[in-house]
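> coordinates for the following, if possible.
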Amino acid sequence: MLKTLRYQYLAILWAIFTLIMCEMPMSDPGSSLGVTFFEGFDKLAHTGFFFVLTVLLFYGKIKEQSSYTYRTLTILKILVVTLALGVLIEVLQITIFTYRAAEWWDLFADMTGVGMGIFSYILLHRIRFNEKLL
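Coordinates of the predicted model:
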C-alpha cells in the first residue's frame, strides 16, 4: 500500500489541488477582480482537471510496475477512484460549499476527462507496442 502511494504522490497532490479549485467560488461578472469566465468554463475546468489526474494516475502505475503493460484492472481502479473524487466534490458543493452549484453535468465533465485520459493511455500504449487499433 505504501509502495503504491509513493508512486502516486503527483496524483495525490493533483487530486488535492483539484478538490480545492473545484470548491472555490467563481468570480461574478461584476466583481472587483475584473476576472470573468465564459459560460461553460466550469465544465471545461472539470474536464481538464480530471484528464490530468487520470494521466498522473497512469504515470504512477507505470512507474510502480516499471512497465507499460496494459491491465484492465488498473483502468477499472482509476475509474472508481476518479468517480469517487467527482462525487465527493459534488457532495461537498451541496452540503458545505453552498455558494457552488452541484450539477450532474460537472460529474459528466469529470468522467469525460477521465475517458479522455484512458483513451490516451490505451492509444499511446498500442502505438508504443505496434499493436493494431482495430
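> C-alpha from now on. contacts and neighbour counts both.
OK.
> neighbours of residue 6, just the number please.
Number of residues near residue 6 (other CA atoms under 10 Å) recorded here: 12.
> can you check residue 86 too?
Counted by other CA under 10 Å, the residues lying close to residue 86 total 22.
> how about the helices in this protein?
Listed in chain order, the helices found in the chain under DSSP state H are 2-7, 9-23, 41-65, 72-95, 104-128.
> what angle do the third one and helix 72-95 make?
Which is helix 41-65. Taking axes from the mean of the first three to the mean of the last three CA atoms, to 10 degrees, helix 41-65 and helix 72-95 form an angle of 140 degrees between their directions.
> in helix 41-65, what's buried?
The neighbour-count criterion (16 or more other CA atoms under 10 Å) identifies 42-43, 45-61 as the buried residues of helix 41-65.
> returning to what we had before: make JSON lines from the helices of the chain and add mean pLDDT to it.
Shown next, in JSON lines, are the helices of the chain (pLDDT from 0 to 100):
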{"stretch": "helix 2-7", "mean pLDDT": "78"}
{"stretch": "helix 9-23", "mean pLDDT": "91"}
{"stretch": "helix 41-65", "mean pLDDT": "90"}
{"stretch": "helix 72-95", "mean pLDDT": "91"}
{"stretch": "helix 104-128", "mean pLDDT": "88"}
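> list the residues that contact the most centrally placed residue in the chain.
Centroid-nearest residue in the chain, with CA atoms, centre = their mean: residue 50, separated by 1.7 Å. If a contact means CA atoms under 8 Å, 6 or more residues apart in numbering, then residue 50 has 18, 82, 110-111, 113-114 as its contacts.
> give me that answer again for 6 Å
When the contact criterion is CA atoms under 6 Å, 6 or more residues apart in numbering, the partners of residue 50 are 110, 113-114.
> and which of those residues is nearest residue 25?
When the contacts of residue 50 are compared for distance to residue 25 (CA to CA), residue 110 wins out at 18.1 Å.
> quick check: the closest one vs residue 67, distance?
For residue 110, the distance to residue 67 equals 27 Å [CA to CA, to the nearest Å].
> what's the answer for residue 19, then?
From residue 19 over to residue 67 the distance is 30 Å, taken as CA to CA.
> between these two, tell me which one has more neighbours.
Under the neighbour definition other CA under 10 Å, residue 19 and residue 67 were set side by side, and residue 19 has more, 17 against 9.
> brilliant, that's me finished.
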